[in-house]
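one predicted model, sequence on top.
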Amino acid sequence: MRCGVAGSAVLLAVAAAACDGSIPTPSNDLTTGQAFIDLNAQLVQFREDNALLQQQIDSLRNVTAYQDTIVRQLAAAAGISMRPPAVPFP
């Protein structure tokens, strides 16, 4: 009989420990919700920064292509041969 009482006590302790984390508290919900809001805000900021960097890259490619065209025209006018342009990266 003693083993049964000890086994019941252990079972009760394990059940109590398992239930301890299963009842959500409002503060945990608020903390988790705030973390998701903060994560979303950071993700939006990251996307905006990425779009800005992509615009700057595109602008620099256009400037480089324009300058390359001018240099090639000047070289052709001066009779200087130049190697063909490299394949641009996408």
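That came through, no problem.

residue ranges with poor pLDDT in this protein?
Within the chain, the segments meeting pLDDT under 70 span 1-24, 88-90.

which residue ranges of it form strands?
Assigned by DSSP state E, the chain shows no strands.

please enumerate the helices of it.
Using DSSP state H, the helices of the chain run over 2-20, 26-78.

closest to Pro84 out of those helices?
helix 26-78 (9.7 Å; C-beta to C-beta). C-beta: built from backbone N, CA, C; applies to glycine.

what helices or strands is that closest one leaning on?
Applying 3 or more C-beta pairs under 8 Å, 6 or more residues apart in numbering; DSSP states H and E, one finds that helix 26-78 contacts no other helix or strand.

tell me how far that helix lies from the chain's centre.
Helix 26-78 has its C-alpha centroid displaced from the chain centroid by 13 Å (C-alpha atoms, centre = their mean, to the nearest Å).

switch the helices of the chain over to JSON lines; also include distance to Ala86.
Formatted as JSON lines, those follow (distance: least, C-beta to C-beta, whole Å):
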{"stretch": "helix 2-20", "distance to Ala86": "65"}
{"stretch": "helix 26-78", "distance to Ala86": "10"}
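
can I get these in a markdown table including mean neighbour count and distance to Pro84?
Shown next, in a markdown table, are the helices of the chain (neighbours: other C-beta atoms under 10 Å; distance: least, C-beta to C-beta, whole Å):
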| stretch | mean neighbour count | distance to Pro84 |
| --- | --- | --- |
| helix 2-20 | 9 | 72 |
| helix 26-78 | 10 | 10 |
